[in-house]
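1. After the sequence you'll find the predicted model.
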Amino acid sequence: MDLAIECALFVVGLALGSFLNVCISRLPRDESVIRPRSHCPACGAFLRWHDNIPLLSWLLLRRRCRHCGARISLRYPAVELLTAVLFTACYMSFGPTLATAKLCLFCFLLVGLIFMDAETGLLPREFTYSGIVLGLALSWFAPTDSAATQFFLRACGAQLPAPALLALLDSAIAALLGAGFFYLAWALYYLLRKRHGLGFGDIALTAMVGAFLGLKLVLFVIFSAPLVATVYAVFLLLPQRFRKTPEMDGAPTGQSSDRERFLAQELPFGVFLGACSLAAVFFGESIWRWYLRFY
Ligand SMILES: [Zn+2]
């Protein structure tokens with residue numbers, strides 16, 4: 001029975017991943033995700049149904065458009081496969097519960113946002129704002145782990161509300177705290193450097209993560225995402241520091257301008273927020289438990 005449900009969720013994930021690809025291509029450009037129907041981005045030819053089957057069509061067409069022969073981006077099968085794997089993993093981790101349905105929706109939104117931010121540097125409100133509302137509403141039915149909020153309420157000497165209300169409170173506090181933390185970081189950076197280090201999309205995305213995951217896991221994301229982004233940035237910068245090619249010896253401005261160009265461009269921070277949130281869904285609980293062992 002479990003295997004049948006896992007297979008069904010995998011297929012649903014592939015189909016929704018295919019819809020995500022349309023969203024990723026069109027939402028950041030303010031285009032409709034319904035019309036026109038799927039077409040090749042290179043030649044504009046409409047796709048027939050058998051050229052539009054998730055994963056399979058990409059393989060059967062040997063990664064090329066049937067009409068013009070343009071290469072089809074690896075992003076299409078990657079998004080479909082990732083969505084399918086995440087849906088199946090949600091079921092394997094959380095079983096036949098409302099939490100699985102809620103977390104599948106969360107993964108769907110995250111995969112879309114990660115790829116939109118990576119490709120365009122934009123995190124469309126259609127995803128982040130509706131994610132905040134859905135996350136808050138669904139916490140009533142599939143409660144978050146409210147251990148952190150309970151801890152703070154007890155520390156303040158306050159009475160614990162009923163479980164459903166407690167989950168809603170936990171989800172709302174997490175959304176506000178997540179957004180507030182990065183809003184503060186954005187304001188500080190702006191005061192110091194006089195330019196934007198984060199976008200408002202990143203702030204809205206963190207609020208969405210808080211609404212879905214609750215206070216305990218949003219704290220994990222707030223801590224880990226900047227850390228992973230910093231490690232990534234250092235790894236990008238290191239080779240430039242130590243690489244010395246003959247051409248660069250001849251060009252006095254080469255090395256520093258490369259570095260400055262890199263630092264000036266904005267890192268798509270939403271990618272790191274999204275990836276760490278996906279990690280939080282499946283590993284956040286165990287990482288917290290591991291961390292708390294030291295106290
Ligand atoms: Zn084409």
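-> Yep, that arrived.

2. Format the CA atom coordinates belonging to stretch 212-224 as PDB.
-> Output in PDB follows, covering the C-alpha atoms of stretch 212-224 (Å, rounded to 0.1, in the frame of the first residue of the first chain):
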ATOM      1  CA  PHE A 212       5.200  26.700   7.500                       C
ATOM      2  CA  LEU A 213       7.800  25.300   9.800                       C
ATOM      3  CA  GLY A 214       7.300  27.200  13.100                       C
ATOM      4  CA  LEU A 215       9.700  28.900  15.400                       C
ATOM      5  CA  LYS A 216      12.000  26.000  16.200                       C
ATOM      6  CA  LEU A 217      12.900  25.200  12.600                       C
ATOM      7  CA  VAL A 218      12.900  28.800  11.300                       C
ATOM      8  CA  LEU A 219      15.700  29.500  13.900                       C
ATOM      9  CA  PHE A 220      17.700  26.700  12.200                       C
ATOM     10  CA  VAL A 221      17.100  28.300   8.800                       C
ATOM     11  CA  ILE A 222      18.000  31.800  10.000                       C
ATOM     12  CA  PHE A 223      21.300  30.500  11.400                       C
ATOM     13  CA  SER A 224      22.300  28.000   8.600                       C
END
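
3. Off-centre distance for that stretch?
-> 13 Å (CA atoms, centre = their mean, to the nearest Å).

4. Can you give me the buried ones in it?
-> Within stretch 212-224, the residues scored as buried using 16 or more other CB atoms under 10 Å are 212, 213, 214, 215, 216, 217, 218, 219, 220, 221, 222, 224. Yep, even glycine has a C-beta here, placed from its N, CA and C like the rest.

5. swap in stretch 89-106?
-> Applying 16+ other CB under 10 Å to stretch 89-106 flags 89, 90, 91, 94, 99, 100, 101, 102, 103, 104, 105, 106 as buried.

6. just stretch 147-166 next, same as before
-> By 16+ other CB under 10 Å, the buried positions in stretch 147-166 come out as 148, 149, 150, 153, 166.

7. Quick check, pLDDT for the first one.
-> Right, residue 148. We have a pLDDT of 88 for residue 148.

8. And it, how close does it get to residue 6?
-> Using CB to CB, to the nearest Å, we find residue 148 at a distance of 31 Å from residue 6.

9. what do you get for the second one?
-> Taking CB to CB as the criterion, residue 149 is separated from residue 6 by 33 Å.

10. helix or strand for residue 131, which one?
-> For residue 131, the element it lies in under DSSP states H and E is helix 125-139.

11. helix or strand right after that helix?
-> Heading C-terminal from helix 125-139 (DSSP H and E), you reach helix 147-155.
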